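**Q** Below: sequence and its predicted model.
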Amino acid sequence: MAKKIYFASDQHLGAPTAEASFPREQKFVAWLDTVKQDAEAIFLLGDLFDFWFEYKTVVPKGFVRVLGKLAEIRDSGIPIYFFVGNHDLWMHDYFEKELNIPVYHDNQTFTFHGKSFLIGHGDGKGPGDKGYKRMKKVFTHPVSKWVYRWLHPDLGVKLAQYLSVKNKLISGEADVKFLGEDNEWLVQYCKRKLQTQHYDYFVFGHRHLPMTITLNEQSTYINLGDWIGYFTYGVFDGTQMSLEKFEL
C-alpha cells in the first residue's frame with residue numbers, strides 16, 4: 001500500500017462549548033482512525049483546540065478521545081507534527097513529553113519524495129493584520145505568560161474562552177470569504193517567499209477556507225479549510241497534493 005502524508009487544521013475543539021464541539025471531536029477521531037491505515041506522516045497545523053494553556057502541572061480539561069487517538073497513532077510509529085495556531089499558541093512541551101509529538105511555533109520546511117513544502121499555521125504572515133501581530137507579541141511575551149499562569153485555571157480558561165468567542169482581534173480570524181489573490185495575505189506571503197526560494201507546496205491553515213491556488217508553474221498554495229463547516233484536509237500521495245472532504 002502506498003503511503004500518504006495527511007494535513008489537517010482548525011478543529012477548534014471546545015468551541016463554542018465542549019458539548020457543542022463533541023460531535024466534531026468524534027468526527028475528527030474517526031478521520032484519524034481512517035488515515036492511520038496508510039499514513040506516512042500526519043501534520044496538524046494549529047487551532048486543534050479553541051484554547052490551550054499549559055500551567056506547570058495542569059492542562060485544560062477534556063479532549064481525552066483525540067489525545068488518546070494521537071497517542072495511539074504515534075505509539076504505532078507514525079510521525080505526527082504539530083504547529084501551534086493563534087488559539088493554542090501557549091502550547092509548550094506537553095505534546096512532546098506525553099505524546100512524543102514535536103511542536104513548532106513557526107513555519108518549517110520539509111521535503112517529501114523530492115517535493116519541498118513550507119508548512120505552518122499561517123497567522124500573522126504576509127502584509128496587513130497589524131493589530132493581531134501586535135497582540136501576538138504581547139501574548140507570547142514571557143512576562144505575559146508568567147502573569148497569566150498566576151490566574152487560577154478555572155478563571156484563566158473561562159476568560160480565554162470568552163475572549164476567543166467575543167474578540168476577533170485576539171482570535172486573528174478574518175472574514176471567512178475569499179478575498180481575491182491580491183487581498184489574501186497568505187497568498188502574498190507565499191509569492192514573496194518564492195522570490196528567494198522555491199517551494200513546490202505552501203500548506204497553511206488559519207483562514208478556515210479550503211483553497212488551492214496556483215502561484216506559478218511549479219508552486220501551489222494550499223489552505224486546509226477547517227473542521228467546523230468544511231471538514232477538509234490535505235493529502236500528498238507522493239506525487240501531488242490535493243484537498244479532500246471527510247464524509248462520516
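**A** Arrived safely.

**Q** in this structure, which residue is closest to the centre?
**A** In the chain, the centroid-proximal residue (Cα atoms, centre = their mean) is residue 46; its distance is 1.9 Å.

**Q** helix, strand or coil for the nearest residue to that one once chain neighbours are set aside?
**A** In space, and not counting its chain neighbours, residue 46 is closest to residue 85: 2.6 Å by Cβ to Cβ, 6 or more residues apart in numbering. (C-beta placed from N, C-alpha, C; glycine too.) Of the three states, residue 85 takes coil under DSSP: H, G, I helix; E, B strand; the rest coil.

**Q** so where do the strands sit in this structure?
**A** For the chain, applying DSSP state E gives strands covering 4-8, 39-44, 80-83, 103-104, 108-112, 115-119, 201-204, 210-214, 220-224, 232-236, 241-245.

**Q** Return the helix or strand in this structure with minimum mean pLDDT.
**A** helix 168-171 (a mean of 40; mean pLDDT, DSSP states H and E).

**Q** phi, psi of the residue nearest to the centre of the chain?
**A** Backbone torsions of residue 46, given as degrees, to the nearest 10, read phi 100, psi 160.

**Q** Quick one, grab the pLDDT at it.
**A** Note on residue 46: pLDDT of 94.

**Q** Equivalent analysis for residue 206, please.
**A** Per-residue pLDDT puts residue 206 at 92.

**Q** angle of the longest helix anywhere in the chain against strand 39-44?
**A** For the chain, the helix with the greatest residue count under DSSP state H is helix 18-35. Relative orientation of helix 18-35 with respect to strand 39-44: 160 degrees, computed using axes from the mean of the first three to the mean of the last three Cα atoms, to 10 degrees.

**Q** For residue 244, see how far away the residue nearest to residue 46 is.
**A** The gap separating residue 85 from residue 244 is 21 Å, by Cβ to Cβ, to the nearest Å.

**Q** Show me which of those two is the more surrounded one.
**A** Neighbour count, other Cβ atoms under 10 Å: between residue 85 and residue 244, residue 85 has more, with 27 against 12.

**Q** show me the contacts for that one.
**A** 9, 10, 45, 46, 47, 48, 121, 123, 205, 206 (Cβ atoms under 8 Å, 6 or more residues apart in numbering).

**Q** in terms of contact, does the fourth one touch residue 91 like I think?
**A** No. Distance between residue 46 and residue 91: 9.2 Å, which falls outside the contact criterion (Cβ atoms under 8 Å).

**Q** anything in contact with each of the two?
**A** Listed contacts common to residue 46 and residue 91 are 82, 84; contacts here mean Cβ under 8 Å, 6+ apart.

**Q** List just the nearest of the contacts of residue 85 to residue 30.
**A** residue 48 (15.5 Å; Cβ to Cβ).

**Q** Residue 103 against residue 90, yeah?
**A** No. Residue 103 is beyond contact range of residue 90, at 11.2 Å (criterion: Cβ under 8 Å).

**Q** just to revisit the earlier point, out of the strands of the chain, which is the most enclosed?
**A** Stretch with highest mean neighbour count among the strands of the chain: strand 201-204 (a mean of 26; mean count of other Cβ atoms under 10 Å).
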